[in-house]
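Undergrad: Test case, fold it:
(2 chains)
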Amino acid sequence: MKLIINGETYAELKADMSVLDLLTYLNLPKAKIAVECNKEIVPKSGYKTVLLRDGDVLEIITFIGGG
Amino acid sequence: MATDTDRLVIAGHEFSSRLIIGTGKYETYQQNADALAASGAEIVTVAVRRVNLTNPNEPLLVDFIDPKKTVYLPNTAGCFTGEDAVRTLRLAREAGGWDLVKLEVLSDPKHLYPDMEETMRAAKLLIADGFEVMVYCSDDPVFARKLEDLGCAAIMPLGAPIGSGLGIQNQVNIRLIVEQTSVPVIVDAGVGTASDAAIAMELGCDGVLMNTAIAEAKDPILMAKAMKHAVKAGRQAYLAGRMPRKKYADPSSPLAGLI
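TA: Numbering: from 1, shown residues only, chains lettered A, B, ... in the order given. Alright, predicted model coming up:
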């Protein structure tokens, strides 16, 4: 399936991935990040259960230096 | 008031330092962490941005500044609408698990003045959503009052444009805001050097927030130390109460008993 993650297209992902599967696939730390799927926040408690669908638009954020 | 028991209280959170520093523009996160230690600050502002997907192993701020020991104050820098700001801080709350946030909704990149109409709108939405909002605002006592009435946790007027280092441009307004406000007033933006921070504190501000003044000093660690002293000195001078200004000289040695 295809996902748009942080503005980038990921075209060849396997179907029925959970948010947790995706984070693992992307090799991202699970702490101090937040995930938004189609402009809805996915709570940490939902990482295992929320399944991603073809065409979903995701934003994954963290904290960086700023004023 | 004894200064060792003097505390900054924001939405029920107590701090012994009245200095808040940013985490932008430093050469490295290590330099940032060293400056933080030298400054004695207990709160740092942080930005909310997309994770780097191409290099998930790049250094992380949290590896250098421990969020368990230092309060991370997520900001909305770079947001130009109320909706952007609310979306950003909701994500920040999910990532960090805290409600204390810095709201800033900017207008024109040339001067980075806050868009007060959008700031007010975003503040309303955030407060309704349970956030404790520390709000960056213009040095306008009228808007400062409106933001306090909305329920903001701290009023943070600019001293001068962000990153300009021009110092407190309108001391009259900052003083008016201090006098009328019952939540903490923190000068946010415009400080260039230690005396600027001291002036803000002498005006009666409860704290000072700065980034560039430290990060872009030739020696950021030494400047961080200077700011720590300046904020303390200004605070103590404010508490001590300055002498009245006089038009003419007044000799310090008695005139009686002259030979």
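
Undergrad: Just the strands from the stretch 1-150 of chain B, written as ranges.
TA: B:8-10, B:13-15, B:19-21, B:43-50, B:71-74, B:100-103, B:132-137 (DSSP state E, counting those that start in this stretch).

Undergrad: Tell me which of the ones you listed sits nearest to chain A.
TA: strand B:43-50 (2.6 Å; CB to the nearest CB). Where C-beta positions appear, they are placed from N, C-alpha and C, glycine not excepted.

Undergrad: The closest one: partners in the sheet, and parallel or antiparallel?
TA: strand A:57-65 (antiparallel), strand B:19-21 (parallel), strand B:71-74 (parallel) (DSSP bridges).

Undergrad: Give me the buried positions along the first one.
TA: Of the residues in strand A:57-65, those with enough neighbours to count as buried (16 or more other CB atoms under 10 Å in any protein chain shown) are A:Leu58, A:Glu59, A:Ile60, A:Ile61, A:Thr62, A:Phe63, A:Ile64, A:Gly65.

Undergrad: So what's the residue count around the single nearest residue of chain A relative to chain B?
TA: Residue nearest to chain B within chain A (CB to the nearest CB): A:Gly66, separated by 2.6 Å. By other CB atoms under 10 Å in any protein chain shown, the residues close to A:Gly66 number 23.

Undergrad: Also B:Ile21?
TA: Neighbours of B:Ile21 (other CB under 10 Å): 31.

Undergrad: Surely it is in contact with B:Ala224?
TA: Yes: counting by CB atoms under 8 Å, B:Ala224 is a contact partner of B:Ile21 at 7.2 Å.

Undergrad: pLDDT (mean, whole number) over stretch B:244-259?
TA: If you average the pLDDT over stretch B:244-259, you get 91.

Undergrad: what residues do B:Ile21 and B:Ala224 have in common as contacts?
TA: Residues touching both B:Ile21 and B:Ala224 by CB atoms under 8 Å, 6 or more residues apart in numbering or on different chains: B:Ala35, B:Leu36, B:Ser39, B:Ile214.

Undergrad: secondary structure element for the closest residue to the third one other than its chain neighbours?
TA: What sits nearest to B:Ser39 in space, not counting adjacent residues and going by CB to CB, 6 or more residues apart in numbering or on different chains, is B:Ala224, at 3.9 Å. Assessed by DSSP states H and E, B:Ala224 sits inside helix B:220-240.

Undergrad: what packs against that helix?
TA: In this structure, helix B:220-240 packs against strand B:19-21, helix B:29-39, helix B:194-202, strand B:207-210, helix B:212-215, with contacts taken as 3 or more CB pairs under 8 Å, 6 or more residues apart in numbering or on different chains; DSSP states H and E.

Undergrad: who in the stretch 151-259 of chain B is up against chain A?
TA: Neighbours of chain A within the stretch 151-259 of chain B, by CB under 8 Å from any CB of the partner chain: B:Ile162, B:Gly163, B:Ala189, B:Asn211, B:Thr212.

Undergrad: Provide a list of residues in contact with B:Asn75.
TA: Counting by CB under 8 Å, 6+ apart, B:Asn75 has contacts A:Gly66, A:Gly67, B:Thr45, B:Val46, B:Ala47, B:Val48, B:Val101, B:Lys102, B:Leu103, B:Glu104, B:Tyr136.

Undergrad: Tell me who's in contact with the residue nearest the centre of chain B.
TA: Centroid-nearest residue in chain B: B:Leu209, 2.2 Å away (criterion: CA atoms, centre = their mean). Taking CB under 8 Å, 6+ apart, we find B:Leu209 in contact with B:Ile20, B:Ile21, B:Gly22, B:Thr45, B:Met156, B:Ile186, B:Val187, B:Asp188, B:Ala189.

Undergrad: Between all of the shared contacts of B:Ile21 and B:Ala224, which two are separated the most?
TA: The span of the shared contacts of B:Ile21 and B:Ala224, defined through CB to CB, is set by B:Leu36 and B:Ile214 at 9.3 Å.

Undergrad: any shared contact partners between these two?
TA: B:Ile21, B:Ala224.

Undergrad: The two - which one has more neighbours?
TA: B:Ile214 (29 against 24).

Undergrad: Quick check, pLDDT for that one.
TA: Per-residue pLDDT puts B:Ile214 at 97.

Undergrad: residues touching it, list them.
TA: Neighbouring residues of B:Ile214 by CB under 8 Å, 6+ apart: B:Ile21, B:Gly22, B:Ala35, B:Ser39, B:Pro220, B:Met223, B:Ala224, B:Met227.
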